[in-house]
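*Asks:* I'll drop the sequence and a predicted model, then ask my questions.
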Amino acid sequence: MKYETLFIMVRVQVYTSHTQISEVVREVENHSKMSLSDTANINILETEILVSRVRNVKNINHQHENNSFNT
């Protein structure tokens, strides 16, 4: 076996009681867990959030009642 480093980009959609996006990012970075599971041929050794980026909120559809979390 050999060691490799993968960079995987994910999108996270949230519904929150926070009023500031900075609070949302800080809480996700400090308290959420991202999970990747081992496979038959791969052992996941470590994951971490490398970059947090917020989309321009003017471009986000705020109708959370109708959101589909599957893209």
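*Replies:* Received, thanks.
*Asks:* Could you measure from Tyr15 over to Glu27?
*Replies:* To Glu27, Tyr15 is 13 Å away according to C-beta to C-beta, to the nearest Å. Yep, even glycine has a C-beta here, placed from its N, CA and C like the rest.
*Asks:* neighbour-wise, which of those two wins?
*Replies:* Glu27 (13 against 7; other C-beta atoms under 10 Å).
*Asks:* Pick out the residue closest to the middle of this protein.
*Replies:* In the chain, the residue lying closest to the centroid (C-alpha atoms, centre = their mean) is Val12, at 4.3 Å.
*Asks:* wait, that one sits on Glu27?
*Replies:* No. Counting by C-beta atoms under 8 Å, Val12 does not reach Glu27; the two are 11.7 Å apart.
*Asks:* Point out where this structure drops to low pLDDT.
*Replies:* 56-71 (pLDDT under 70).
*Asks:* Helices of that one, start to end?
*Replies:* 21-31 (DSSP state H).
*Asks:* what's the spacing between Ile21 and Ile49?
*Replies:* 15 Å.
*Asks:* wait, Gln20
*Replies:* Separation of Gln20 from Ile49 (C-beta to C-beta): 19 Å.
*Asks:* Neighbour count for these two, which is higher?
*Replies:* Ile49 (13 against 9).
*Asks:* wait, the more buried one sits on Met34?
*Replies:* Yes. Judged on C-beta under 8 Å, Ile49 makes contact with Met34 at a distance of 7.2 Å.
*Asks:* Would you mind listing the residues touching both of the two?
*Replies:* Jointly contacting Ile49 and Met34 under the rule C-beta atoms under 8 Å, 6 or more residues apart in numbering is no residue at all.
*Asks:* Tell me who's in contact with the residue nearest to the centre of the chain.
*Replies:* Counted by C-beta under 8 Å, 6+ apart, Val12 has contacts Val28.
*Asks:* What of Glu27?
*Replies:* Contact analysis of Glu27 by C-beta under 8 Å, 6+ apart lists His18.
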